[in-house]
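Visitor: coords please:
(4 chains)
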There are 2 protein chains.
Amino acid sequence: MSDLEAVSLRLEARGYRVTPPRRAVIAAVLQQAGHFSVEDLLHRCRGAGRATVFRTIRLLTELGVVCRVLLDDGSLHYRLSHRPQHHHHLVCTGCGKVQDLDDCAVSDLVRELSGSSGYEIEGHWLEFYGHCSACRSEVLAGVSS
Amino acid sequence: MSDLEAVSLRLEARGYRVTPPRRAVIAAVLQQAGHFSVEDLLHRCRGAGRATVFRTIRLLTELGVVCRVLLDDGSLHYRLSHRPQHHHHLVCTGCGKVQDLDDCAVSDLVRELSGSSGYEIEGHWLEFYGHCSACRSEVLAGVSS
DNA sequence: TCAGACATGATACCTCGTCTCAGTGAGACA
DNA sequence: TGTCTCACTGAGACGAGGTATCATGTCTGA
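Guide: Down below sits the predicted model:
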């Protein structure tokens, strides 16, 4: 079963119809290698309207098919989520590559914080920014030349 | 020395002029108890123009006088920073109260991640969301009544 | 005094996202 | 088969939040 079919089935299981514009958006999302903005999708899905693309992305976010990535300049991008469960991102500020971090090491901190602060902590947002090994070696090569 | 004077001195030390509109924005920021949007400041500084308020907030962010707070609905607010150094926030989604977390417990995780991922990690963004003790007791009172 | 740098407010503009609304089409049902 | 309902659609208006531009004002140092 292709990814497109799998996502379509998940939509149908929730009672949503899988229409041609939605298929176009899902296909465009599945083609994206890294993170992308809604504007990128709008360019790829010329047939689908602006509102439809936004609506479909919101649907896919609810389904856990895509997840939101906060870049270090504050802009919000999306990314195909290979992990429907809670996870974090490691974003390369050089090439834009994003890596998933599946073990949430903050959960211990959350427990500790719940005790000390009196808050009932329901969620958190954690993103790491840095340079991947490829970008680091490029920078070093640039300096030495 | 008042807070207003202290911030003014920091601006001057960086070579910026302390003009009446800037003083008005700084005073408005210092009066804010919790987090605020630029729109809130615009209401409080009727004399200063929209662009000036945005420019001054950007300046104050650079100086570390205010810091950005990402709310759980994705909107960006600002907050008077009592800790110029790196810190995190604990945001109450009920009343909007924000608490600073000064010990960055992610630094161990950053070191560990640098080794395992090959990334040179330069920054991270961490916000916690939950309900403060006051909001929790309100909810409980509402349920029991 | 004067030139140049800096700061200003007004306003146009941009980006990103939501809302509204009339039209469309798929599916249920008589 | 016809009709009815309702989810879904695209177009476009709208709003929030922020930036760019520009003429003008003000400060500073020579």
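
Visitor: does residue A:81 really touch residue A:63, like I thought?
Guide: No - here residue A:81 does not reach residue A:63: they are 9.3 Å apart, not a contact under CB atoms under 8 Å. Placement of C-beta: from N, CA and C, glycine included.

Visitor: per-residue confidence for residue A:83?
Guide: Residue A:83 is assigned 65 on the pLDDT scale.

Visitor: again, but for residue A:20
Guide: Note for residue A:20: predicted pLDDT of 91.

Visitor: Give me the phi and psi for it.
Guide: The phi/psi pair for residue A:20 (degrees, to the nearest 10) reads phi -50, psi -40.

Visitor: What residues does chain A have near DNA strand D?
Guide: With CB under 7 Å from any atom of the strand as the criterion, chain A meets DNA strand D at residues A:16-17, A:19, A:21-22, A:47-52, A:55-56.

Visitor: Also near DNA strand C: which of those residues, exactly?
Guide: Checking the residues of chain A next to DNA strand D against DNA strand C (CB under 7 Å from any atom of the strand), the matches are A:17, A:50-51.

Visitor: Let's see if you can find the most crowded of those residues.
Guide: residue A:50 (12 neighbours; other CB atoms under 10 Å in any protein chain shown).

Visitor: Quickly check: the helix or strand where residue A:69 lies near chain B or not.
Guide: If you go by DSSP states H and E, residue A:69 is part of strand A:66-70. Yes - contact of strand A:66-70 with chain B (CB under 8 Å from any CB of the partner chain) involves A:68, A:70.

Visitor: tell me the angle of the helix or strand harbouring residue A:55 relative to strand A:66-70?
Guide: Assigned by DSSP H and E, residue A:55 falls within helix A:50-63. Angle, helix A:50-63 to strand A:66-70, by axes from the mean of the first three to the mean of the last three CA atoms, to 10 degrees: 100 degrees.

Visitor: wait, does helix A:50-63 contact chain B?
Guide: No - using CB under 8 Å from any CB, we find that helix A:50-63 stays clear of chain B, coming within 11.3 Å at best.

Visitor: That helix: how far from the chain's middle?
Guide: Its chain's average C-alpha position is 13 Å from that of helix A:50-63, according to CA atoms, centre = their mean, to the nearest Å.

Visitor: now it: mean pLDDT?
Guide: 93.

Visitor: For burial, what's the neighbour tally of residue A:68?
Guide: 16.

Visitor: And residue A:12, how close does it get to chain B?
Guide: 28 Å (CB to the nearest CB, to the nearest Å).

Visitor: And what about that residue, helix, strand or coil?
Guide: What DSSP: H, G, I helix; E, B strand; the rest coil gives for residue A:12 is helix.

Visitor: confidence score at it?
Guide: So, for residue A:12, pLDDT stands at 89.

Visitor: List, one by one, the residues from chain A near chain B.
Guide: So chain A meets chain B at A:68, A:70, A:72, A:74, A:76, A:90, A:92-93, A:99, A:101, A:105-106, A:109-110, A:112-114, A:117-133, A:136 (CB under 8 Å from any CB).

Visitor: so what are the domain limits for chain A?
Guide: As assigned by automatic domain parsing, chain A contains the domains A:1-84, A:85-145.

Visitor: Comparing those by mean pLDDT, which bottoms out?
Guide: domain A:85-145 (a mean of 80).

Visitor: Pull the distance from that one to the chain's centre.
Guide: The answer for domain A:85-145 is 13 Å, by CA atoms, centre = their mean.

Visitor: do stretch A:24-37 as well
Guide: Computed by CA atoms, centre = their mean, the separation of stretch A:24-37 from the middle of its chain amounts to 10 Å.

Visitor: Which parts of it count as buried, going by neighbours?
Guide: Neighbour-count burial for stretch A:24-37, counted by 16 or more other CB atoms under 10 Å in any protein chain shown, picks out A:24-26, A:28-29, A:32, A:35-36.

Visitor: With respect to residue B:11, which of those is nearest?
Guide: Comparing those against residue B:11 with CB to CB places residue A:35 closest, at 36.6 Å.
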